[in-house]
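Peer 1: return atomic coordinates for the entry below.
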Amino acid sequence: MENIIEQLKQSGLLGRSGSNFPVWKKWEAVKGAPSDKKFVICNASEGEPEVSKDSFILEKYLAEVINGVKIAIGEVGASTAYIYLNKYFYQKYKQKLIDLIANSPIELFENPGGYLAGEETSILNIIEGKRAEPRVKPPYPTEKGLWGKPTLINNVETFYWVSKVTKGEYQNKRFYCVSGEAPNKGVFELPENYSIEQILKETKNYPNFPFFLQVGGGAVGEVLLSNELGQPIKGLSSIVIFNKDKENPIDLMKNWIQLLMMQNCDQCAPCREGLYRINEILQGVEGVKLLRGTKEFNSLQEFFSVLEKTSLCPFGRTAYMPFKTALEKLF
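Peer 2: Now for the predicted structure:
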């Protein structure tokens, strides 16, 4: 029988957390790491605003997800696996999960809450009883994860597709979440190479009004215009639709920055101070008077660059994206 990692390699399955990292490479790294103990973590925190695909999968395919986790335990030689759930998931699925994981080395762990509590190295700290803040990488969790041991971390959708791969049922599809001003909101299973335009039309969500999108999450996703939809989604498979005639871009950016400031862990200065200064500038802007060439516009560009290049973790390195792309395309 073909080994699991080879099956994953042949399938071309990429991680569904938004990183698009080949699943087989991560599994191979943990399997090959010399250690007396190894761990597996299923990340079911789903803290990104406007994203509900993990909720959809847990509701409909919980057994498949747990099967994927069990496959991982056996393949990488893990002693224990953790299902890391946000508070809502923990309460809703606790009993079903207890029944499914009976007599297996799988434990449930309730996420204490917060956006950064879903970042993979923050998860390690939280399970270890430490502060919910990211770790510096490298070393990566595959080398030095829980309690310094090699750890495999994948999200809910990835483990679901792992289960499908091993059964020969994977057809290069993924789940897309369409929300916002969408006439047919929901989670849809479609080919992973579909363009954004195809996704919207196939799901009967292509707007009949002037619109723009936020793609890749409702917090740090990038803004795209209606003439930029010929590409597939590169990161988190989320599409939020906005009505161009109703949405005030400044108000939208103020909402984004408030969320990001609240969820920032304050660990590194570039992110902490950068978000503070972006908020300060946005709060001082009236209406849509944020024009190219102004002092405020140029200052924001500088802070975007600092966030992207010097932040410690992916949160800070991507936090600039919605603001930068909104300024480029909506003003």
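Peer 1: count of neighbours near residue 37?
Peer 2: The tally of other residues near residue 37 (other C-beta atoms under 10 Å) stands at 14. No exception for glycine: its C-beta is placed from N, CA and C like everyone else's.
Peer 1: what of residue 193?
Peer 2: By other C-beta under 10 Å, the residues close to residue 193 number 10.
Peer 1: so who does the residue nearest to it when sequence neighbours are not counted touch?
Peer 2: Excluding the flanking residues, the one nearest residue 193 by C-beta to C-beta, 6 or more residues apart in numbering is residue 232, at 5.6 Å. With contacts defined as C-beta atoms under 8 Å, 6 or more residues apart in numbering, the neighbours of residue 232 are 192, 193, 194, 195, 196.
Peer 1: and for residue 127?
Peer 2: Taking C-beta under 8 Å, 6+ apart as the test, what residue 127 contacts is 41, 82, 84, 109, 146.
Peer 1: pretty sure the second one sits against residue 40.
Peer 2: Which is residue 82. Yes. Contact between residue 82 and residue 40 holds when scored by C-beta atoms under 8 Å: they sit 7.4 Å apart.
Peer 1: between these two, which one's more packed in?
Peer 2: Taking residue 82 and residue 40 together and counting by other C-beta under 10 Å, residue 40 has the greater number of neighbours (31 against 22).
Peer 1: next, work out how far apart the closest residue to that one other than its chain neighbours and residue 43 are.
Peer 2: Computed as C-beta to C-beta, 6+ apart, the closest residue to residue 40 that is not its neighbour in sequence is residue 81, at 3.9 Å. In this view, residue 81 and residue 43 are 12 Å apart by C-beta to C-beta, to the nearest Å.
Peer 1: do residue 311 as well
Peer 2: Computed with C-beta to C-beta, the distance linking residue 311 and residue 43 is 21 Å.
Peer 1: ditto for residue 266
Peer 2: 23 Å.
Peer 1: by mean pLDDT, flag the weakest helix or strand of this structure.
Peer 2: Per-element confidence for the chain was summarised using mean pLDDT, DSSP states H and E. The lowest value among helices and strands belongs to helix 314-319, with a mean of 86.
Peer 1: residue 266 and residue 43: who's more crowded?
Peer 2: With other C-beta under 10 Å as the criterion, residue 266 and residue 43 differ in neighbour count, and residue 43 comes out ahead with 24 against 12.
Peer 1: residue 302: neighbour count?
Peer 2: The tally of other residues near residue 302 (other C-beta under 10 Å) stands at 11.
Peer 1: I meant to write residue 25 there.
Peer 2: Residues lying near residue 25 (other C-beta under 10 Å) number 13.
Peer 1: now do residue 84
Peer 2: Here the neighbour count serves as a burial measure; for residue 84 (other C-beta under 10 Å) it reads 26.
Peer 1: look up phi and psi at residue 81.
Peer 2: Comment: the main-chain dihedrals of residue 81 come out as phi -120, psi 150, following degrees, to the nearest 10.
Peer 1: report the beta-bridge partners for it.
Peer 2: When bridges are taken as DSSP bridges, the partners of residue 81 come out as residue 40, residue 106.
Peer 1: I figured it hits residue 106, correct?
Peer 2: Yes. Counting by C-beta under 8 Å, residue 81 sits close enough to residue 106 to count as a contact (4.6 Å).
Peer 1: these two: which has the busier surroundings?
Peer 2: Neighbours were counted for residue 81 and for residue 106 using other C-beta under 10 Å; residue 81 has more, 25 against 21.
Peer 1: can you read off the pLDDT for the more buried one?
Peer 2: Per-residue confidence for residue 81 comes out at a pLDDT of 98.
Peer 1: how near is it to residue 138?
Peer 2: The value you get for residue 81 to residue 138, if C-beta to C-beta is used, is 23 Å.
Peer 1: can you give me the neighbour number for the nearest residue to residue 46 once chain neighbours are set aside?
Peer 2: Distances taken as C-beta to C-beta, 6+ apart put residue 54 closest to residue 46, at 4.1 Å, once the chain neighbours are dropped. Using other C-beta under 10 Å, residue 54 has 26 other residues around it.
Peer 1: tell me which element residue 54 is part of?
Peer 2: Under the criterion of DSSP states H and E, residue 54 resides in helix 53-76.
Peer 1: same thing with residue 153?
Peer 2: Using DSSP H and E, residue 153 sits in strand 151-155.
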